[in-house]
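Chemist: Could you look at this predicted model? Sequence included:
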Amino acid sequence: MPNKKMIVLAVVGQKGGAGKSTICRAIAAAALTEGRRVHMIDADPQAGLKDWYNRIMVGGGGPLPDDRLTLEWLPQLDDIRGSIDQHYQAGETDLVLIDSKGELSESSAYVMMEADALILPVMATSSDITAQAKTIRFYEALREQAEDDFPPLAAVISRFPAKPSKVQVACKEEIEDTFPVIRRVVMDRAAYISMDEEGFLHTLLRKRREAEDPIMRLQARNFEEALSDAADVFNQVSELADEA
Ligand SMILES: Nc1ncnc2c1ncn2[C@@H]1O[C@H](COP(=O)(O)OP(=O)(O)O)[C@@H](O)[C@H]1O
Ligand SMILES: [Mg+2]
């Protein structure tokens, strides 16, 4: 039976290094923590997400952190719609998460059209604001041309430091004034970088909580906070997708 509640979220934006793949992995962890069944699609021909997954989950020899997670590398755009349909029809997936390539092209337009909502990470720097403003103009032009409903886009302030400079605070305000931004900010956190070496946030949190070493147990708090950023972003964007 199809899962009529399945949602498709895509992380987009032309700026490389803005935190697309990181937010994608963090949202997957948050959704898995909430008991959702997640299918990740790496739409980037560079296969960063797929390589990471193979390195951490498969090559690492460890058990998969979660049997409710699958990942597919689909550099051929035509395969993405097929995969979404298949997951919808099979009814065993709650969330499809697409990590896209950092450019404005036919391929990013295609990914945008397939999703129920879009997430645009923006760092609080002038060059990110300029680059991601182009992404928004690209999105708006597509939306104007679209005959059907077009997915809503949520900008998310990404990698914001705990001790921002004046310039970073001013950039954050500019993003809040000029982008369709959600309230929750994804902070700059070492816990997100740990994902690259060690796996998903929720698995890392479990490891910290269960550790013998008290220092490891102290670190659990950092992972809780990182997961909480991601859970909030996930919930706010899911609400947008539901409203659309
Ligand atoms: N919130 C964050 N806190 C700390 N480091 C981050 C955060 N987001 C991204 N990074 C780091 O920045 C780099 C680029 O992030 P990535 O997610 O790969 O960007 P993109 O996919 O947009 O190119 C990576 O090394 C990643 O670990
Ligand atoms: Mg990436």
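Modeler: Structure received. Fair warning: this is a prediction, and the values are worked out from it, not measured in the lab. Ligands and ions are numbered 1, 2, ... in the order given.
Chemist: quick one, what contacts the residue in the chain that ligand 2 sits nearest to?
Modeler: In the chain, the residue that lies nearest ligand 2 is Ser21 (3.4 Å; CB to the ion). Every residue, glycine included, has its C-beta placed from N, CA and C. By CB atoms under 8 Å, 6 or more residues apart in numbering, the contact list for Ser21 reads 11, 48-49, 52, 99.
Chemist: Inside strands: which ones of the residues you listed?
Modeler: When strands are assigned by DSSP state E, the members of the contacts of Ser21 inside them are 11, 99.
Chemist: where do the helices sit along the protein?
Modeler: Taking DSSP state H, the helices of the chain run over residues 20-33, 48-53, 77-90, 106-114, 126-145, 166-178, 190-198, 201-210, 214-243.
Chemist: just checking, Ala31 touches Val237?
Modeler: No. Look at Ala31 against Val237 with CB atoms under 8 Å: they stay out of range, at 10.9 Å.
Chemist: Tell me which residues touch Ala162, please.
Modeler: Residues touching Ala162, when contacts are defined by CB under 8 Å, 6+ apart, comprise 187-188.
Chemist: so what's the backbone phi/psi at it?
Modeler: Here the main-chain torsion angles of Ala162 (degrees, to the nearest 10) amount to phi -70, psi -30.
Chemist: Need the pLDDT of the residue of the chain most remote from its centre.
Modeler: Distance from the C-alpha centroid of the chain, by CA atoms, centre = their mean, peaks at Glu212 (31.8 Å). Glu212 is assigned 90 on the pLDDT scale.
Chemist: what's the answer for the one 10 residues further on, then?
Modeler: Predicted confidence (pLDDT) for Asn222: 92.
Chemist: The one 10 residues further on now?
Modeler: Listed pLDDT for Asp232 reads 97.
Chemist: Could you check how far the residue nearest to it when sequence neighbours are not counted is from ligand 1?
Modeler: Counting by CB to CB, 6 or more residues apart in numbering, Arg184 is the residue found nearest to Asp232 once chain neighbours are left out, at 4.0 Å. Distance check for Arg184 against ligand 1: by CB to the nearest ligand atom, to the nearest Å, it reads 12 Å.
Chemist: wait, what's in contact with Arg184?
Modeler: The contact partners of Arg184, taken as CB under 8 Å, 6+ apart, are 156, 229, 232-233, 236.
Chemist: Using JSON lines, lay out these together with distance to Ala162 and neighbour count.
Modeler: What follows is the contacts of Arg184, written out as JSON lines (distance: CB to CB, whole Å; neighbours: other CB atoms under 10 Å):
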{"residue": "Val156", "distance to Ala162": "17", "neighbour count": "28"}
{"residue": "Asp229", "distance to Ala162": "12", "neighbour count": "24"}
{"residue": "Asp232", "distance to Ala162": "17", "neighbour count": "17"}
{"residue": "Val233", "distance to Ala162": "18", "neighbour count": "25"}
{"residue": "Gln236", "distance to Ala162": "21", "neighbour count": "16"}
